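Colleague: Mind looking at a prediction? Sequence and model below.
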Amino acid sequence: MKQRELFTKTIKENPKDEKSINAQLLIRAGFIDKLGAGIYSYLPLGLMVIENIKNIVREEMNKIGGQEILMPSLHPKENWEITGRWNVEEMYKIKDNNLGLGWTHEEIITPLVKKYTSVFPKYIYQIQTKFRNEPRAKSGILRGREFLMKDLYSFHTSESDLNDYYEKVKEAYFKIFKRCGLKEKTYLTLASGGAFSSSFSHEFQTVTDAGEDIIYICKNCGQSFNREIFESKCECGSTEFEEKKSIEVGNIFKLQDKYSKLFGMDNIVMGCYGLGITRMMGAIVEVFNDEKGIIWPKEVAPFDVHLLELDTDASEIYDNLQKEEIKVLYDNREKSAGEKLNDCDLIGIPIRIILSKKTLEKDCVEIKKRGTDELELVKIKKLTEFIQNEL
RNA sequence: CGGGGUAUAGUGAAACGGCUAUCACAAGUCCUUUGGGAGGAUUUAUUCUGAGUUCAAAUCUCAGUACCCCGACCA
């Protein structure tokens, strides 16, 4: 993709109505646009990142038997009256129509599964826009009023089967975090089950100062506890903890028969497993950035390489890389070198390739990996091979 | 939902209650530039909305709205 043609624009100065790092960088680098508090448009660069995260999540969900569907955002009042959750603050309601905008989907998935199958277990998920009337939208895309979430629901005929599957989901989540670069920063955290689950739930908390939660990480075993349920001793016996701010990127629950019973599915127990897609994107930016911009982990980056030409035509290199299906952002804009270099750092694609008069004299391009200071000259002939090894 | 703050061009800022509301960047056109945001010419406003005070309001007062921050909230 030629940067000249890309529907986006970088901004030099921070927007005055955003304080969070993720929002400032994503807006300045041209990934998202703000429409209102907690309401954002995703421009092509931002959508590419979203799609990358979604595909990682899909692959890992499918590996544990998940089947993808898409449920509606508009929800009839009747479904929510059954569970007594129609009159909660989170629900945006459509006046005079007995419809609300869904902030979760138990009320839809449970009758749907009842209607379409009697063969269990079943694992059904979707990646869909959720609406929540947040009393305080904040921190850019970390806490939006409209956001993308993956929600998986599992249906079992026995509690032990639910327990087994619950553990599988935990593993799948850590595979997702690993591929998104967040594994080292994300802790499985014991939390309350909330109003609709009697037992504990597990949260996946990514450590960052931008987070809204406080977790206590056991220095001995690594188990972490949400502040809301934290007591002074870990299960392993240790009393040494590290206190950290964190953002909840995922939350999994054993719902037992709470919803299945209400919707007339006898002897079925359920689990539900949420994962915030846009929230993860924000968390990635919060974790991976420097004073110049974003530093995308490979698998979620919008492009593999950022090719800059400085006063030297690099279109042949661009064509050759594209032929090998390497995703290239090609900057051949008529801008000063400084502007191109700064934009490149801001956007944060993992590998920067520069062709200039200086490098061309040596039949080379200059390679720099985002987040490092090392420069490397690579022969133009060997460039494709070099990049393929890096991916 | 409580507390605090802000609102001026696409973006970021300036302007004592008083002159034609300035400046930088971006965007468009023309020319010169190209290894860290280069230069010249030219174009860009209902000062958030409504009321009030005043000879005179971007500036003071009140109300509303939006946004930011702290707290409460948050499957």
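Modeller: Looks like it arrived, so ask away.
Colleague: residues from the stretch 1-150 of chain A in reach of RNA strand B?
Modeller: A:9-20, A:36-39, A:89-90, A:104-106, A:134-139, A:143 (C-beta under 7 Å from any atom of the strand). C-beta: built from backbone N, CA, C; applies to glycine.
Colleague: Buried ones among these?
Modeller: The neighbour count (16 or more other C-beta atoms under 10 Å) marks A:10, A:18, A:20, A:38, A:90, A:104-106, A:134, A:137, A:139, A:143 as buried among these.
Colleague: what's the domain layout of chain A?
Modeller: Domain segmentation of chain A under automatic domain parsing yields A:21-290, A:303-390.
Colleague: from the buried ones among the residues of the stretch 1-150 of chain A next to RNA strand B, which ones fall inside helices?
Modeller: Cross-referencing these against helices under DSSP state H gives A:Glu106.
Colleague: My read is that A:Arg145 contacts A:Ala137, right?
Modeller: Yes. With contact defined as C-beta atoms under 8 Å, A:Arg145 reaches A:Ala137; the gap is 5.1 Å.
Colleague: any shared contact partners between these two?
Modeller: Residues touching both A:Arg145 and A:Ala137 (C-beta atoms under 8 Å, 6 or more residues apart in numbering) are A:37-39.
Colleague: Out of those residues, which is nearest to RNA strand B?
Modeller: Nearest to RNA strand B out of those is A:Ala37 (C-beta to the nearest atom of the strand; 3.2 Å).
Colleague: Next, the contact list for that closest one, please.
Modeller: Residues near A:Ala37 by C-beta under 8 Å, 6+ apart: A:137-138, A:145.
Colleague: Which one of those is nearest to RNA strand B?
Modeller: Out of the contacts of A:Ala37, the member with the shortest distance to RNA strand B (by C-beta to the nearest atom of the strand) is A:Lys138, at 3.9 Å.
Colleague: A:Gly250 versus that closest one, what's the distance?
Modeller: 19 Å (C-beta to C-beta, to the nearest Å).
Colleague: wait, A:Met270 sits on A:Lys261?
Modeller: No. Using C-beta under 8 Å as the test, A:Met270 is too far from A:Lys261 to be in contact (9.7 Å).
Colleague: neighbour-wise, which of those two wins?
Modeller: A:Met270 (24 against 15; other C-beta atoms under 10 Å).
Colleague: excluding its backbone neighbours, what's nearest A:Lys34?
Modeller: Spatial nearest neighbour of A:Lys34, excluding adjacent residues (C-beta to C-beta, 6 or more residues apart in numbering): A:Tyr40 at 5.6 Å.
Colleague: Please produce JSON lines containing the shared contacts of A:Arg145 and A:Ala137, extended by pLDDT and distance to A:Cys221.
Modeller: Shown next, in JSON lines, are the shared contacts of A:Arg145 and A:Ala137 (pLDDT from 0 to 100; distance: C-beta to C-beta, whole Å):
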{"residue": "A:Ala37", "pLDDT": "92", "distance to A:Cys221": "40"}
{"residue": "A:Gly38", "pLDDT": "93", "distance to A:Cys221": "36"}
{"residue": "A:Ile39", "pLDDT": "93", "distance to A:Cys221": "41"}
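Colleague: so A:Lys63 makes contact with A:Ala172?
Modeller: Yes. Judged on C-beta under 8 Å, A:Lys63 makes contact with A:Ala172 at a distance of 6.7 Å.
Colleague: burial count for A:Asn320?
Modeller: 15.
Colleague: Output the contacting helices and strands for the biggest strand by length in chain A.
Modeller: When chain A is scanned for its longest strand (criterion: DSSP state E), the result is strand A:241-256. Other elements packing on strand A:241-256 under the criterion 3 or more C-beta pairs under 8 Å, 6 or more residues apart in numbering; DSSP states H and E are helix A:159-179, strand A:186-191, strand A:201-207, strand A:213-218, strand A:269-276, helix A:277-287.
Colleague: Skip ahead from that strand and say which helix or strand is next.
Modeller: helix A:258-262 (DSSP states H and E).
Colleague: Show me which positions of that following helix end up buried.
Modeller: Under the neighbour-count criterion of 16+ other C-beta under 10 Å, helix A:258-262 has A:258-260 buried.
Colleague: And the contacts of that helix?
Modeller: A:82-83, A:106-107, A:110, A:155, A:196-197, A:266, A:268-270.
Colleague: what do you get for stretch A:232-249?
Modeller: So stretch A:232-249 is contacted by A:142, A:177, A:182, A:186-187, A:189, A:203-221, A:223, A:225, A:275-276, A:279-280, A:282-283, A:286 (C-beta under 8 Å, 6+ apart).
Colleague: same thing but at 7 Å, please
Modeller: Residues outside stretch A:232-249 that contact it (C-beta atoms under 7 Å, 6 or more residues apart in numbering): A:142, A:186, A:203-221, A:223, A:275-276, A:279-280, A:283.
Colleague: now the end-to-end length of it.
Modeller: 25 Å (C-alpha to C-alpha, to the nearest Å).
Colleague: And the contacts of stretch A:232-249, which of them are buried?
Modeller: A:142, A:186, A:203-208, A:210-211, A:213, A:215-218, A:223, A:275-276, A:279-280, A:283.
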